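Student: Please find the sequence and the predicted model below.
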2 protein chains.
Amino acid sequence: MTITITALCSISEIHRGDDVAEAIVATGHTFADHDIVVVTHKIVSKSEGMVREVVDEAAYRRLIEDEAAEIIRRRGPLVITRTSHGFICANAGIDRSNATEGTVILLPTDPDASAHGIRMKLERALGMNLAVIVTDTFGRPWRRGVVDVAIGVSGIDPIVDLRGTPDANGRTMEATEIAIVDEIAAAADLAMGKATGCPVAVVRGYEWAPGPGRATDLIRPDAEDMFR
Amino acid sequence: MTITITALCSISEIHRGDDVAEAIVATGHTFADHDIVVVTHKIVSKSEGMVREVVDEAAYRRLIEDEAAEIIRRRGPLVITRTSHGFICANAGIDRSNATEGTVILLPTDPDASAHGIRMKLERALGMNLAVIVTDTFGRPWRRGVVDVAIGVSGIDPIVDLRGTPDANGRTMEATEIAIVDEIAAAADLAMGKATGCPVAVVRGYEWAPGPGRATDLIRPDAEDMFR
């Protein structure tokens, strides 16, 4: 199987009220049925007006405390939070990079809904079935470095459950739920880079089944959580 | 930028003593300079004889306790461990899927060295510069589902540090260390699938700088760890 990941680098600058799907279509990129369109949340947040002014470091710190639904850990300036959506990440997901000086970018209020809206518009404009994934960049507790993960999903189930399917030796596999939308988010980030003005990537050739899943399905229930 | 990920599905069954690099070359796949060759650890472990017989569940449980350098958490049958390499993962990284009935597959003793050995042989056989990443499938504390990560690396630095580079708005970015080898591992898993007999994938088109990094560089130092 060959998968291709193509970054779209000619997306126009997105401001409050701009239509992300329209900006994607306007690139003139040739989409195909079953493409997965991966969108960094920053342009989604900007289009939804989720940008805040912060006059100084203290204002930024206050905004983190306000936005966080729960503080999970604190050390020095580093705050690990649960967001209102239920994601556990640093600084309530508030992003200072890729924001205009003196402003920060919050997460979309409902990234699954954002993904859904973008998908509906893209499918209508392009006349094909697509999946849309909205991403953010998260740290991990025991591994250095950040990776992109899915925070909004539409049209594709976030997890593929291989339980009950035979492995390469014909044995029935144990619980193997693969977080495919996180793997797709990570793959897309490789093509987009971090600072190059390519906020969208198109993943082609990965076989996925349409499904009603949401990124919030990825949140591990409290009862299963051993590390909060 | 377009990245392609191609799974190699005609790798011969690997047994103790078999040469993984030779098996990859024997597929006849056409490699290009600067390809990244991603190898699931299972075939590396098999080639290195890291397969153990387990007669029953109790024997499997004992092996986990023996192999783990440290037990981090326990709940019911689920054991979160630190491995001898320093990775934090379930069941000391011991894998029952894709093993012959009655056996389990351990992690390679030194996956960075395994990756290095494979790279040296591939580069010699193919006459080009490559990177090699050995992967395993890890769970995450707060997100459901597993994703592939890098446990062995050769030829490529595992982390790209964007600190000091300007973002899309010309602002100097804050600490943004991207765990690119984990993103590459995740991307490769999409192409390989889990049960389809494709234990190798080739990632082409991602620009990377040669470097002396190791996967153990990804292990977060104890002093930075807030969740052990």
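Tutor: Now that the structure is in, tell me what you want to look at. Given the structure is predicted, the values throughout are model-derived calculations rather than measurements. Residues are numbered from 1 along each chain as shown, chains lettered A, B, ... in the order given.
Student: If residue A:6 is in a bridge, with which residues?
Tutor: When assigned by DSSP bridges, residue A:6 has beta-bridge partners residue A:202, residue B:2.
Student: Now do it, the pLDDT please.
Tutor: According to the prediction, residue A:6 has pLDDT 97.
Student: count of residues packed around it?
Tutor: Residue A:6: 22 surrounding residues under other Cβ atoms under 10 Å in any protein chain shown. The way it works is simple: take the backbone N, C-alpha and C, and place the C-beta from them, glycine included.
Student: From residue A:144, how far off is the most centrally placed residue in chain A?
Tutor: Geometric centre of chain A, nearest residue: residue A:135, 1.5 Å, by Cα atoms, centre = their mean. Noted for residue A:135: a distance of 20 Å to residue A:144, by Cβ to Cβ, to the nearest Å.
Student: now swap in residue A:43 and tell me
Tutor: On the measure of Cβ to Cβ, residue A:43 and residue A:144 end up 27 Å apart.
Student: again, but for residue A:28
Tutor: Shown here: residue A:28 relative to residue A:144, a distance of 39 Å by Cβ to Cβ.
Student: of the two, who's got more company?
Tutor: Using other Cβ under 10 Å, the more surrounded residue of residue A:28 and residue A:144 is residue A:144, with 17 against 7.
Student: hang on, that one packs against residue B:213?
Tutor: No. Contact criterion Cβ atoms under 8 Å: residue A:144 and residue B:213 do not qualify, at 11.1 Å.
Student: Report the set of residues contacting both of the two.
Tutor: By Cβ atoms under 8 Å, 6 or more residues apart in numbering or on different chains, residue A:144 and residue B:213 have these common neighbours: residue B:159.
Student: and the nearest residue to residue A:99 once chain neighbours are set aside, what is it in contact with?
Tutor: Computed as Cβ to Cβ, 6 or more residues apart in numbering or on different chains, the closest residue to residue A:99 that is not its neighbour in sequence is residue A:105, at 4.8 Å. With contact set as Cβ under 8 Å, 6+ apart, residue A:105 has these partners: A:41, A:42, A:45, A:46, A:50, A:51, A:94, A:95, A:96, A:98, A:99.
Student: Before we move on, what's the pLDDT of the fifth one?
Tutor: In this prediction, residue A:50 carries a pLDDT score of 98.
Student: Excluding residues flanking it in the chain, which one is nearest it?
Tutor: Nearest one to residue A:50, counting by Cβ to Cβ, 6+ apart, is residue A:106 at 4.2 Å.
Student: Next, the contact list for the one you found, please.
Tutor: A:45, A:50, A:51, A:52, A:67, A:92, A:93, A:94, A:95.
Student: quick check, distance from stretch A:146-165 to the centre of its chain.
Tutor: Counting by Cα atoms, centre = their mean, to the nearest Å, stretch A:146-165 is centred 11 Å from the centre of its parent chain.
Student: Check stretch A:34-50 too.
Tutor: Centroid separation between stretch A:34-50 and its chain, computed with Cα atoms, centre = their mean, is 8 Å.
Student: Looking at chain A, which helix is longest?
Tutor: Determined from DSSP state H, the single longest helix within chain A is helix A:111-126.
Student: elements contacting the lowest-mean-pLDDT helix or strand in chain A?
Tutor: One helix or strand of chain A scores below all others by mean pLDDT, DSSP states H and E: strand A:160-161, with a mean of 90. Secondary-structure packing of strand A:160-161 (3 or more Cβ pairs under 8 Å, 6 or more residues apart in numbering or on different chains; DSSP states H and E): strand A:177-178.
Student: hang on, the earlier thing: just curious, which of the contacts of residue A:106 is nearest to chain B?
Tutor: Each of those was scored against chain B by Cβ to the nearest Cβ, and residue A:95 proved nearest at 9.8 Å.
Student: Distance across stretch A:21-30, terminal residue to terminal residue?
Tutor: 14 Å (Cα to Cα, to the nearest Å).
Student: Next, count neighbours for the closest residue to residue A:34 other than its chain neighbours.
Tutor: Of all residues not flanking residue A:34 in the chain, residue A:129 sits nearest, at 6.1 Å (Cβ to Cβ, 6+ apart). By other Cβ under 10 Å, 12 other residues sit near residue A:129.
Student: Quick check: closest non-adjacent residue to residue A:85.
Tutor: residue A:216 (6.2 Å).
Student: next one: residue A:137
Tutor: Using Cβ to Cβ, 6+ apart and skipping the chain neighbours, the partner closest in space to residue A:137 is residue A:146 (4.8 Å).
Student: so what's the one you found bridging to?
Tutor: Residue A:146 has these beta-bridge partners by DSSP bridges: residue B:178.
Student: hang on, it packs against residue B:180?
Tutor: No. With contacts defined as Cβ under 8 Å, residue A:146 does not count as touching residue B:180, sitting 10.2 Å away.
Student: State the helix or strand in which residue A:135 lies.
Tutor: Element membership of residue A:135, judged by DSSP states H and E, is strand A:131-138.
Student: ok now that strand, how far from the chain's centre?
Tutor: How far strand A:131-138 lies from its chain's middle: 2 Å, per Cα atoms, centre = their mean.
Student: Compute the number of surrounding residues for residue A:212.
Tutor: Neighbours of residue A:212 under the rule other Cβ under 10 Å: 10.
Student: my guess is it meets residue A:157, correct?
Tutor: Yes. The pair formed by residue A:212 and residue A:157 meets the contact definition of Cβ under 8 Å, at 7.5 Å.
Student: I'd like to know how far the residue nearest to the centre of chain A sits from residue B:119.
Tutor: Counting by Cβ to Cβ, the separation of residue A:135 from residue B:119 is 30 Å.
Student: Also residue A:220?
Tutor: 36 Å.
Student: same question, residue A:205
Tutor: Distance, residue A:205 to residue B:119, by Cβ to Cβ: 26 Å.
Student: Looking at these two now, which is surrounded by more residues?
Tutor: Higher neighbour count among residue A:205 and residue B:119: residue B:119, with 23 against 18, using other Cβ under 10 Å.
Student: So for that one, what pLDDT did the model give?
Tutor: On pLDDT, residue B:119 comes in at 98.
Student: if I read this right, it contacts residue B:155, doesn't it?
Tutor: Yes. With contacts counted by Cβ under 8 Å, residue B:119 reaches residue B:155, the gap being 5.3 Å.
Student: joint contacts of those two?
Tutor: Common contacts of residue B:119 and residue B:155, defined by Cβ under 8 Å, 6+ apart, comprise B:130, B:131, B:132.
Student: Emit the ChimeraX select command for whichever of those residues are buried.
Tutor: Entered in ChimeraX, the line below selects the buried ones among those, by 16 or more other Cβ atoms under 10 Å in any protein chain shown:
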select /B:130,131,132
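Student: Now tabulate the shared contacts of residue B:119 and residue B:155 in TSV and tack on pLDDT and distance to residue A:80.
Tutor: As requested, these are exported to TSV (pLDDT from 0 to 100; distance: Cβ to Cβ, whole Å):
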residue	pLDDT	distance to residue A:80
B:130	98	37
B:131	98	32
B:132	98	33
